[in-house]
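Q: Dropping the sequence and predicted coords here.
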Amino acid sequence: MKLLLKPLHVVYMIYAAIVFLVIMFLIIPPIFLASFLGRIKGGNIIFYFLRFWSHTWFPAVGIMVKRIYKHDKKDKTPYIYVVNHRSYLDAALAVQVMRLPFRPLGKIEMKRIPAFGYIYRQSVVMVDRSDAKARARSVREMISVIKEGVSILIFPEGTTNETDSLLQPFHNGAFRIAIETQTPIQPVLYLDNGKRLHAKGFNLLPGRCRVVYLPPVPVTGLTMEDLPALRQQVFNIMEQELKATV
């Protein structure tokens, strides 16, 4: 049976890649035009095209997205979105399910991918983890974006979690920015992305992708001395929810 299904899965993967690329090339021209409107206004417009890309591709490949809210979804407050990282699908899903406007923090290496790299440069706050000065510039850019009322999305684990642990230890960046800008943290969990497309390989599978929006964590009045406790608090909240649902 597996031998019979394998050729079908290869056809499915080729189909998924073609649909992905066709939509990508369709949205490059309007993204190019929107980029002339500036980093904030143009960037906000660009995300509507990216959302179209995601909303079209996911159902086309048989991936159904389900949102689970554990707080008031009508809240329009800018947040620092803190999200677990299990799959290469995570960024594509974020474009679809995070309230606009927002900007993700992403690795600078991704900008080198032909065609996709152009879209990436226009829509992501890039960070070069190998350069302390570059990291500082990224932090300053994120702070300026938040001051414009735009939320920030950060994967606090720093990389895709390929371990058996529910979460890897969190880095300080998201919590430092939250405290410095007094912006509340919105923990978000992707429950099924690792099953749809595992971080260790490009083996896409149709099915559901559940997104859980946990109650926001306020940071009003917190200082940098509170950072370790805040980081652990958010980690515990997300870990407990994962234990209860995964």
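A: Great, that's in hand.
Q: element containing the residue lying closest to residue 45 once chain neighbours are set aside?
A: If the residues on either side of it in the chain are set aside, residue 45 comes closest to residue 34, at 4.2 Å by CB to CB, 6 or more residues apart in numbering. (Glycine included, C-beta is placed from N, CA and C.) With secondary structure defined by DSSP states H and E, residue 34 is part of helix 2-34.
Q: Could you give the separation of that helix from the chain centroid?
A: The chain centroid and the centroid of helix 2-34 are separated by 20 Å under CA atoms, centre = their mean, to the nearest Å.
Q: List of residues touching stretch 158-165?
A: Residues from elsewhere that reach stretch 158-165 (CB atoms under 8 Å, 6 or more residues apart in numbering): 84-88, 90, 129, 167-168, 171, 194, 199-200.
Q: Can you tell me which of the residues you listed is nearest residue 208?
A: Each of these was checked against residue 208 using CB to CB; the closest is residue 194, at 12.6 Å.
Q: count of neighbours near that closest one?
A: Neighbour count for residue 194, taken as other CB atoms under 10 Å: 20.
Q: What's the per-residue pLDDT of the spatially closest residue to it that is not a sequence neighbour here?
A: Among residues not flanking residue 194 along the chain, residue 86 sits closest, at 3.7 Å (CB to CB, 6+ apart). Reading off the per-residue confidence, residue 86 sits at a pLDDT of 91.
Q: so what's the backbone phi/psi at residue 86?
A: Here is the backbone geometry of residue 86 (degrees, to the nearest 10): phi -120, psi -10.
Q: That one and residue 196 touch, don't they?
A: No: here residue 86 lies out of contact with residue 196, judged by CB atoms under 8 Å, at a distance of 9.5 Å.
Q: name the helices or strands packed onto the helix holding residue 34?
A: Secondary structure elements in contact with helix 2-34, counted by 3 or more CB pairs under 8 Å, 6 or more residues apart in numbering; DSSP states H and E, are helix 41-60, helix 116-123.
Q: if I read this right, the residue nearest to residue 45 contacts residue 46, doesn't it?
A: Yes: counting by CB under 8 Å, residue 34 touches residue 46, with 5.0 Å between them.
Q: Pull up the overlap in contacts between the two.
A: Common neighbours of residue 34 and residue 46, using CB under 8 Å, 6+ apart, are residue 122.
Q: before we move on, back to that, now for the residue nearest to residue 45, how many residues are close by?
A: Counted with other CB under 10 Å, residues neighbouring residue 34 total 21.
Q: which residues touch it?
A: Remark: with contacts taken as CB under 8 Å, 6+ apart, residue 34 is in contact with 42, 43, 45, 46, 49, 122.
Q: Look at residue 3 and report its pLDDT.
A: The model's pLDDT for residue 3 equals 58.
Q: picking up where we left off before, I'd like the contacts of residue 34 as CSV, with neighbour count, distance to residue 245 and pLDDT appended.
A: Written out in CSV, the entries for the contacts of residue 34 read as follows (neighbours: other CB atoms under 10 Å; distance: CB to CB, whole Å; pLDDT from 0 to 100):
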residue, neighbour count, distance to residue 245, pLDDT
42, 16, 38, 93
43, 23, 33, 92
45, 18, 35, 94
46, 22, 33, 94
49, 20, 32, 95
122, 20, 35, 86
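Q: Same list (those residues) but as TSV, adding distance to residue 70.
A: Below are the contacts of residue 34 laid out as TSV (distance: CB to CB, whole Å):
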residue	distance to residue 70
42	33
43	29
45	31
46	30
49	30
122	33
